[in-house]
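In: give the three-dimensional model of this entry:
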Amino acid sequence: MSHVVSHPVIAGASIRMFRGGAGPTALFLHGGAGLNVWTPFFNAVSQHHDLIVPEHPGFGESDNPAWLNSVNDLTLFYLDLLDEMKLDRVHLIGNSFGGWIASEMASRDCGKLASVTLIGPAGLAAVGDQEDLFRWSYPESTRKLFHNQAIAERILSATPGPEQLANLIKNQTTMARLGAPVGLTNPDLARWLHRITAPAHIVWGRHDNYCPVATSAAWAAAIPGAKTTIIEDAGHLPHAEKADVTAEAVLAFLKNA
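Out: This next block holds a predicted model:
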């Protein structure tokens with residue numbers, strides 16, 4: 001499915017935005033590694049949905065506005081985006097850092113949301129042992145992302161160009177600034193997740209090295225009626241590592257939401 005790239009100005013910040021497909025609107029919020037290409041997962045979702053994939057302020061080709069100081073700022077930014085783009089009945093999907101933002105959005109206001117899908121979200125304290133990912137080197141963090149190490153080695157063997165390297169540094173800097181001081185968690189979030197009244201879906205890779213799969217149960221317990229899907233043979237990015245299986249599960253949920 002073809003897509004377009006634009007640079008709209010939302011809440012005073014220019015952001016890079018991918019968009020493709022037709023049908024009910026879906027909004028995907030990416031993780032801390034950033035947004036690089038239109039992926040096979042995006043292509044699969046856009047077969048059935050008008051899929052919007054913005055690049056967060058502070059990441060990649062998007063502006064790094066002076067007002068960006070916390071995940072709360074990104075949460076309110078995306079609520080503004082829904083308003084400014086006049087979006088309604090949106091299927092909100094977020095992975096990792098983007099899943100944290102999505103959960104904060106939904107716990108504040110589900111009025112414009114048709115459903116919420118959280119893929120290995122940050123935001124809650126991990127259940128079980130978790131290392132400090134901000135101490136990992138780039139090669140180590142890349143290898144930790146995937147269960148299939150061939151994918152990680154393929155990424156690490158590619159030499160990034162100047163623009164890719166600049167975006168990588170920008171993404172890492174923003175993640176460290178917003179995520180490291182709070183350990184990628186909001187201690188107040190758990191008690192407000194009950195406010196998510198839209199149908200919710202928790203998706204987790206069985207072999208997630210960033211946040212143990214047992215944490216999925218904490219999310220499911222906190223969000224009323226949430227469905228849980230565990231993706232086998234996948235790490236922290238099941239939508240990248242097992243795009244077909246993850247897309248099938250997500251699309252089935254969206255269809256019935």
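
In: look up phi and psi at S62.
Out: Backbone torsions for S62, taken as degrees, to the nearest 10, come to phi -80, psi 160.

In: swap in the one 10 residues further on?
Out: Backbone dihedrals for N72, given as degrees, to the nearest 10, come out at phi -60, psi -40.

In: quick one: it and M105 touch, right?
Out: No. With contact defined as C-beta atoms under 8 Å, N72 does not reach M105; the gap is 10.5 Å. Heads up, the C-betas are built off the backbone N, CA and C, glycines and all.

In: name the residue in the two with the higher neighbour count.
Out: A count of neighbours by other C-beta atoms under 10 Å puts M105 above the other of N72 and M105, at 27 against 13.

In: what about that one, which helix or strand?
Out: Per DSSP states H and E: M105 is located in helix 97-108.

In: how big is the angle separating the following helix or strand past that helix from helix 97-108?
Out: Per DSSP H and E, the first helix or strand lying C-terminal to helix 97-108 is strand 113-119. Interaxial angle of strand 113-119 relative to helix 97-108 (axes from the mean of the first three to the mean of the last three C-alpha atoms, to 10 degrees): 140 degrees.

In: name the strands paired with strand 113-119 and say parallel or antiparallel.
Out: According to DSSP bridges, strand 113-119 forms sheet pairs with strand 90-95 (parallel), strand 200-205 (parallel).

In: got the ones you listed as CSV, with mean neighbour count and mean pLDDT columns?
Out: Below are those laid out as CSV (neighbours: other C-beta atoms under 10 Å; pLDDT from 0 to 100):
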stretch, mean neighbour count, mean pLDDT
strand 90-95, 27, 98
strand 200-205, 26, 98
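
In: turn those strands into TSV, including distance to I15.
Out: Putting these into TSV (distance: least, C-beta to C-beta, whole Å) gives the following:
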stretch	distance to I15
strand 90-95	16
strand 200-205	25
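
In: re the thing from before, what residues does the helix holding M105 touch?
Out: Residues from elsewhere that reach helix 97-108 (C-beta atoms under 8 Å, 6 or more residues apart in numbering): 28-32, 56, 71-72, 74-75, 78-79, 92-94, 113, 116-123, 175, 179, 184, 186, 189, 192-193, 195-196, 198, 200.

In: that one: which residues count as buried?
Out: For helix 97-108, burial by neighbour count (16 or more other C-beta atoms under 10 Å) applies to F97, G98, G99, W100, I101, A102, S103, E104, M105, A106, S107.

In: what does stretch 130-138 give?
Out: Under the neighbour-count criterion of 16+ other C-beta under 10 Å, stretch 130-138 has L133 buried.

In: distance between it and the chain's centre?
Out: Put simply, stretch 130-138 sits 19 Å off its chain's centre (C-alpha atoms, centre = their mean, to the nearest Å).

In: what about that stretch, average pLDDT?
Out: The average pLDDT within stretch 130-138 is 86.

In: which elements pack onto the biggest helix by length in the chain?
Out: Looking across the chain with DSSP state H, the single longest helix is helix 162-179. Using 3 or more C-beta pairs under 8 Å, 6 or more residues apart in numbering; DSSP states H and E, the elements in contact with helix 162-179 are helix 71-84.

In: rerun at 6 Å
Out: Helix 162-179 is packed against no helix or strand, with contacts defined by 3 or more C-beta pairs under 6 Å, 6 or more residues apart in numbering; DSSP states H and E.

In: contacts for it?
Out: Here helix 162-179 makes contact (C-beta atoms under 6 Å, 6 or more residues apart in numbering) with G32, G34, G58, F59, G60, V71.
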